[in-house]
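A.B. asks: Provided below are the primary sequence and the corresponding predicted coordinates.
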Amino acid sequence: MHITRALALVLLTLASAAWAAEPVITPEVDRRDVRLPRIPSNDFTVGAFVGTYATQNFGSSLVKGLRLGYHITEDFFVEGNLGRSQVTDASFRQILPGGIFVSEEQKLSYYNMLAGWNFLPGEVFLGRSVARASALYVVAGVGGTRFVDQKHQTISFGLGARVFVSDWASLQVDLRDHRYALDLLGKRQSTNNPEFTVGATFHF
């Protein structure tokens, strides 16, 4: 009985030694560095834009303006905008003598403060070897519009795309709607005034 236990102990010891002696297989797989797209971390932005502003019932006209922003995190930012356009009632003057406005063209200006979310950061490839950080984002906020010597509280919202040409500059395209009440045609109604712009933004 003692001989059997001693023999089992010897066999167990030999098996353990043989197992420990086996070489550890090291996988020979080259590790690939994966670079995640990252929006540059410059917090403040300043930029300019130009495009078209479609005033409901009065057609589209050129709009231009300035924007100032601050990136709270990589995903969230706030932005202030100032815009100006010239609106005409020429189409009404073909039907109504004297038109709607005192003069044929009237200034329209607006300001707003928007909150934004970069919901789809990524990269845009320019050829095979050049990639630039990019982002799709949505914005929404409040502001005011001055039109025909009247001030209108305005809700603004929209979406846009931004492409970084360097760590300190980007190009962006925006489609936004400015919604406010207007009563120039004898009835107060809520109007939707879409705006399409392109612009350049500088980060610092």
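C.D. replies: That came in fine, so what should we check first?
A.B. asks: could you pull out the strands for this protein?
C.D. replies: Counting by DSSP state E, the chain has strands at residues 44-55, 59-71, 76-88, 105-126, 130-147, 150-166, 169-182, 189-203.
A.B. asks: What residues of the fourth one count as buried?
C.D. replies: It stands for strand 105-126. For strand 105-126, a neighbour-count test (16 or more other C-beta atoms under 10 Å) marks 106, 108, 110, 112, 114, 116, 118, 121, 123 as buried. Heads up, the C-betas are built off the backbone N, CA and C, glycines and all.
A.B. asks: Ok, the first one next?
C.D. replies: Taking 16+ other C-beta under 10 Å as the basis for neighbour counts, the residues of strand 44-55 that come out buried are 45, 47, 49, 51, 53, 54, 55.
A.B. asks: could I get the residues you listed as JSON lines with distance to residue 172 and pLDDT?
C.D. replies: Below are the buried residues of strand 44-55 laid out as JSON lines (distance: C-beta to C-beta, whole Å; pLDDT from 0 to 100):
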{"residue": "45", "distance to residue 172": "10", "pLDDT": "96"}
{"residue": "47", "distance to residue 172": "8", "pLDDT": "97"}
{"residue": "49", "distance to residue 172": "8", "pLDDT": "98"}
{"residue": "51", "distance to residue 172": "11", "pLDDT": "98"}
{"residue": "53", "distance to residue 172": "17", "pLDDT": "98"}
{"residue": "54", "distance to residue 172": "19", "pLDDT": "97"}
{"residue": "55", "distance to residue 172": "23", "pLDDT": "95"}
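A.B. asks: Which single one of those is nearest to residue 196?
C.D. replies: Ranked by distance to residue 196 (C-beta to C-beta), the buried residues of strand 44-55 are led by residue 51 at 4.9 Å.
A.B. asks: what number of residues lie near the nearest residue to the closest one once chain neighbours are set aside?
C.D. replies: Closest residue in space to residue 51, ignoring its immediate chain neighbours: residue 197 at 3.2 Å, by C-beta to C-beta, 6 or more residues apart in numbering. By the criterion of other C-beta atoms under 10 Å, residue 197 has 23 neighbours.
A.B. asks: who touches residue 197 in this structure?
C.D. replies: Each residue near residue 197 by C-beta atoms under 8 Å, 6 or more residues apart in numbering is listed here: 49, 50, 51, 52, 63, 65, 173, 174, 176.
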